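In: turn this into a model:
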Amino acid sequence: MDGKVVRTIASTLLLSLTICFSSTLALSSRSYAATTEIGGYVTSDTDHYGSNITGQHVFSSAAADAQDFGAIKDIVVDKTGTVRAIIIGVGGFLGIGEKNVAVDYNQLQWTRATDGSLRAVLNTTKDALNAAPDFKFTDALTVKNGGAANAAQTAPATNTPPPTSPAGDQGVDLSTLKPVDTASLKSDDLKGIDVIDPAGRKLAEIDDFVLTSAGKVDAVLVNFGGFLGIGKKEVAIGFEDLKFLTDPNNKRYLEVNVTKEQLDAQPAYNKDDYMANRAAERLVLSSSALATSSSPESFVMKAGPANAFEIASSQLALTKAQNADIKTFAQRMITDHTKAGDDLKAAAGAQKIAVPAEPDATETAEINKLNSLSGNAFDKEYVAAQTNAHADAVNLFKAYVAGGQNGAVKDFAAAALPTLQMHYEMVQKLPQ
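Out: Next up, the predicted model:
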């Protein structure tokens, strides 16, 4: 990673940023697969762990005499798991005590200091940070309540119901839980959340999370122990489509449709080799949930929009990307995914299944974001989006090839998978 510093951020310091674990993220209307398959992709060596980011000091440059602005106290992520802001504890400027300043994560540059250590660099001044608004940490957790939840309504009342029973043998009473629908949530609020199964029984706890080089939450790390006589173990669960819930006392839960035996069989998370072994060490619930239904309709409903996203985002890259290698990659994506789209339509048509022609809502939001960017910011976002999209596609296709219904759609998936895997290898070589 080079030491090039990002553009000046004085005008983009934030009053606040939010994480919306909305009803969409909670996916209360979706069902989870009866069994969960493992899939994934290999991350790059520029990825970061959430536990390594918090506590890092932010400097004005990579030089030995750079100004130390303060330490990163927390991280703010949005509903897709993308890191949107960091909270810096700024203190002692002009005689003023410590204050918390929220800074757009895209303004932060991770580089190497002169001593070789990893360093967070922000192209600003102490005066600019001192003049920035003070970020207020608030417990903004709200729950859906007739569409009218707000901070006042979620404050504990004098007649607050008693706490739900601990997640154990009896389990949590799921009828008392509601999808999380927050105005904001700090990254530390994820840690310690009980992980429960669909019966409300506690399986594990969230211990930490892993971030990609693009600042997106890649996985939550859950700790569990004592299963089948085996000691404590840590497992990485993919962040996609996770279902967060809260009880009347604002105790949060993560519901996953896996069993103790499946967690026990899952390879343990190892931060030293996770980047190289992500496909094995990362438990995926979203893409596999569609594929393991064995339904070609479910597969096509996912694969069609994903293919359309590849084409649409790459068409933007042809005109907006600055890097020549990225433009070459984008043209390859358009060519290969146009052919894949035609092949999918033919296969789906043979089984009388209509293929969606447009990206889904999440993918459309990403295209809109790409359309708003330019220069190096576009290149970085496009590469990150392509990395995530191809990892998800490989997961989806591998799972359907392994467990999907036989037929033309499955034959298509088997034929297309090697090309998707090649695309993923290609995107890993692009400038991050």
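In: wasn't V83 part of a strand?
Out: Yes - V83: assigned to a strand according to DSSP: H, G, I helix; E, B strand; the rest coil.
In: list the contacts of it.
Out: I75, V76, V77, Y105, L211, G215, K216, V217 (C-beta atoms under 8 Å, 6 or more residues apart in numbering). Using the backbone N, CA and C atoms, a C-beta is placed for each residue, glycine as well.
In: which one among these gets closest to N270?
Out: L211 (16.8 Å; C-beta to C-beta).
In: hmm, the closest one is touching V217, no?
Out: Yes - with contact defined as C-beta atoms under 8 Å, L211 counts as touching V217 (6.1 Å).
In: tell me how many other residues surround E425.
Out: Neighbour count of E425, defined by other C-beta atoms under 10 Å: 12.
In: and for S372?
Out: 10.
In: circling back: pipe the contacts of V83 into a markdown table and attach neighbour count and secondary structure per row.
Out: Formatted as a markdown table, the contacts of V83 follow (neighbours: other C-beta atoms under 10 Å; DSSP: H, G, I helix; E, B strand; the rest coil):
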| residue | neighbour count | secondary structure |
| --- | --- | --- |
| I75 | 24 | strand |
| V76 | 24 | strand |
| V77 | 27 | strand |
| Y105 | 20 | helix |
| L211 | 26 | strand |
| G215 | 23 | coil |
| K216 | 20 | strand |
| V217 | 24 | strand |
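In: how about these in JSON lines, adding pLDDT and distance to L370?
Out: Shown next, in JSON lines, are those (pLDDT from 0 to 100; distance: C-beta to C-beta, whole Å):
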{"residue": "I75", "pLDDT": "81", "distance to L370": "23"}
{"residue": "V76", "pLDDT": "79", "distance to L370": "21"}
{"residue": "V77", "pLDDT": "76", "distance to L370": "19"}
{"residue": "Y105", "pLDDT": "81", "distance to L370": "17"}
{"residue": "L211", "pLDDT": "79", "distance to L370": "20"}
{"residue": "G215", "pLDDT": "66", "distance to L370": "15"}
{"residue": "K216", "pLDDT": "72", "distance to L370": "14"}
{"residue": "V217", "pLDDT": "76", "distance to L370": "20"}
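In: export the residues you listed to JSON lines and tack on distance to L285?
Out: Output for those, formatted as JSON lines (distance: C-beta to C-beta, whole Å):
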{"residue": "I75", "distance to L285": "23"}
{"residue": "V76", "distance to L285": "24"}
{"residue": "V77", "distance to L285": "18"}
{"residue": "Y105", "distance to L285": "26"}
{"residue": "L211", "distance to L285": "19"}
{"residue": "G215", "distance to L285": "22"}
{"residue": "K216", "distance to L285": "17"}
{"residue": "V217", "distance to L285": "14"}
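In: wait, which of these is closest to A347?
Out: K216 (31.3 Å).
In: what's across from the closest one in the sheet?
Out: T82 (DSSP bridges).
In: isn't it up against T82?
Out: Yes - at 4.6 Å, K216 counts as touching T82 under the criterion of C-beta under 8 Å.
In: next SSE after the host helix or strand of A279?
Out: Assigned by DSSP states H and E, A279 falls within helix 278-281. Where DSSP H and E defines the elements, the next helix or strand beyond helix 278-281 is strand 282-283.
In: distance between that following strand and the chain's centre?
Out: Chain-centre distance of strand 282-283: 13 Å, with C-alpha atoms, centre = their mean, to the nearest Å.
In: show me what that strand is packed up against.
Out: Packing partners of strand 282-283 (3 or more C-beta pairs under 8 Å, 6 or more residues apart in numbering; DSSP states H and E): strand 233-238.
In: what lines up beside the strand it packs on in the sheet?
Out: By DSSP bridges, strand 233-238 pairs with strand 217-224 (antiparallel), strand 282-283 (parallel).
In: which neighbouring elements make contact with the helix holding A279?
Out: Helix 278-281 packs on no helix or strand, going by 3+ C-beta pairs under 8 Å, 6+ apart.
In: any idea how far it is from the chain center?
Out: Chain-centre distance of helix 278-281: 16 Å, with C-alpha atoms, centre = their mean.
In: now do the buried residues in that helix.
Out: R278, A279, E281 (16 or more other C-beta atoms under 10 Å).
In: what score does the second one have for pLDDT?
Out: Per-residue pLDDT puts A279 at 75.
In: kindly reformat the buried residues of helix 278-281 as JSON lines containing distance to L373.
Out: As requested, the buried residues of helix 278-281 are exported to JSON lines (distance: C-beta to C-beta, whole Å):
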{"residue": "R278", "distance to L373": "27"}
{"residue": "A279", "distance to L373": "30"}
{"residue": "E281", "distance to L373": "32"}
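In: got the CA positions of the helix holding A279 in CSV?
Out: This file holds the C-alpha atoms of helix 278-281, laid out as CSV (Å, rounded to 0.1, in the frame of the first residue of the first chain):
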residue,chain,number,x,y,z
ARG,A,278,-11.2,-17.6,4.0
ALA,A,279,-13.2,-20.0,1.8
ALA,A,280,-12.9,-22.7,4.5
GLU,A,281,-12.9,-20.6,7.6
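In: that older thread, so for K260, which of the strands paired with strand 233-238 sits nearest?
Out: Evaluated over the strands paired with strand 233-238, closeness to K260 peaks at strand 217-224, with 7.6 Å, by C-beta to C-beta.
In: mind listing the strands for the stretch 101-250 of the chain?
Out: For the stretch 101-250 of the chain, strands defined by DSSP state E, counting those that start in this stretch occupy the ranges 108-112, 118-122, 178-179, 194-196, 202-211, 217-224, 233-238, 243-246.
In: counting contacts, what elements does the last one pack onto?
Out: In this case it means strand 243-246. Here strand 243-246 touches helix 23-26, strand 178-179, strand 252-255, going by 3+ C-beta pairs under 8 Å, 6+ apart.
In: weakest of these by average pLDDT?
Out: helix 23-26 (a mean of 30).
In: what helices and strands are in contact with the helix ranked longest in the chain?
Out: Ordering each helix of the chain by length in residues (DSSP state H) puts helix 375-403 first. When contacts are defined as 3+ C-beta pairs under 8 Å, 6+ apart, helix 375-403 sits against helix 286-291, helix 296-320, helix 324-350, helix 361-372, helix 408-428.
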